[in-house]
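# no sequence on hand, only this structure:
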């Protein structure tokens, strides 16, 4: 029997299901990439911060994240930097993009001269503006009354008081008033309360508790030595030249500790001079590198940048960043237990201390 072969009839394949539409790309991502490209065209960013090696590492992290943008960084105390900026602006020179100046300088010296642009309108990243990201929520970080010019991203207890434990046992200092004991006369060094907030701000808390007389008792009766060089204040107590130091930023003391010169240095937290607050960022008016400025202030508030900040400088108020120092991390309820001296409405209290100090220390 002969069998004939016939090709099988093939049924046509069913049409392929329509491809799922690609997820719409968030608008901010495209804006972010475009901003980075525009910032690279400018190629530069000029930033002011307080002194401390950690700040340079923060700038290095920005340069690494955005190759092609060089950060010109100046770590100078704000009381020295602000007069220079005002002089430059008076001559029509606008050289600065961003400042991490403390609010006492920002509100008192620069803001009245129109030195800042609104920061709030520059923020485009949703992770930066998320309430769940920040201690107290996103809005809590704005320190100016209009809630748009200055943002606080640090989260720490600030104490102006450091002691050399070889000379001043911590057990003998439980309140600011303990510093008025006769044994400490002539053994205290302080930053200048007439010019900087490192001494004047905590003194405003003490004054609120004990009255204005406490300022005279501390500086005049106790013969506290005043230095306009905060680094000198930290160094003299680290080397044991003085037993007690009042003022200067923690980064300076920590730098001496890292160098092995401050093994006996101890920060003391007294409720009558300790405050809660943290680092702040301002955008300079007429910034010469506007795109790099916008890129930087957004980046600075990201988890990536705040991890560097918390590792190298101080605690961050972002909840998704590891705690750098449990010692200085505000405990629950700290907002009501300790003073807050860096909001705009509290600055006049610090200014009053400065006026009293100027009258006393002529």
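Cool, the structure landed. Given the structure is predicted, the values throughout are model-derived calculations rather than measurements. Numbers count the residues shown, from 1 in each chain.

# what helices or strands is the host helix or strand of residue 38 leaning on?
Assigned by DSSP states H and E, residue 38 belongs to helix 27-42. Judged by 3 or more CB pairs under 8 Å, 6 or more residues apart in numbering; DSSP states H and E, helix 27-42 is in contact with helix 290-300. In short, each C-beta sits where N, CA and C put it, glycine included.

# who's in contact with the helix it packs on?
With CB atoms under 8 Å, 6 or more residues apart in numbering as the test, helix 290-300 has contacts from 32, 35-36, 38-39, 41-45, 47, 62, 65-66, 69, 97-98, 119, 122-125, 128, 153, 281, 283-284, 287, 305-306, 309.

# whichever of these end up buried, select them in ChimeraX.
Of these, the buried ones go into a single ChimeraX selection, burial set by 16 or more other CB atoms under 10 Å:
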select :32,35,36,39,42,45,47,62,65,66,69,97,98,119,122,124,128,153,281,283,284,287,305,306,309
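
# please, where are all the strands along the stretch 251-362 of the chain?
Per DSSP state E, counting those that start in this stretch, the stretch 251-362 of the chain carries strands over the ranges 265-267, 275-277, 280-284.

# strands paired with the longest one, and their directions?
Yep, that's strand 280-284 we're talking about. In the sheet, strand 280-284 lines up against strand 98-99 (antiparallel), strand 116-117 (antiparallel), strand 150-152 (antiparallel) (DSSP bridges).

# and it with helix 290-300, angle?
In terms of direction (axes from the mean of the first three to the mean of the last three CA atoms, to 10 degrees), strand 280-284 departs from helix 290-300 by 170 degrees.

# can you give the contact residues for strand 280-284?
94, 96-103, 106, 110, 115-119, 122, 143, 149-154, 293, 297, 300-301, 342.

# ok, now stretch 330-337?
Against stretch 330-337 from outside (CB under 8 Å, 6+ apart): 135, 136, 155, 156, 157, 271, 276, 338.

# neighbour count added to those residues, as JSON lines?
As requested, the contacts of stretch 330-337 are exported to JSON lines (neighbours: other CB atoms under 10 Å):
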{"residue": "135", "neighbour count": "19"}
{"residue": "136", "neighbour count": "12"}
{"residue": "155", "neighbour count": "28"}
{"residue": "156", "neighbour count": "23"}
{"residue": "157", "neighbour count": "21"}
{"residue": "271", "neighbour count": "14"}
{"residue": "276", "neighbour count": "20"}
{"residue": "338", "neighbour count": "22"}
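
# what about the protein, any weak spots by pLDDT?
For the chain, the stretches flagged by pLDDT under 70 are 1-23.

# now do 50
The model of the chain has pLDDT under 50 over residues 1-5, 7-8, 10.

# what's the domain layout of it?
As assigned by automatic domain parsing, the chain contains the domains 31-155+277-330, 160-273+352-360.

# ok, which of these comes nearest residue 24?
Taking CB to CB, domain 31-155+277-330 is the member of the domains of the chain nearest to residue 24, at 14.2 Å.
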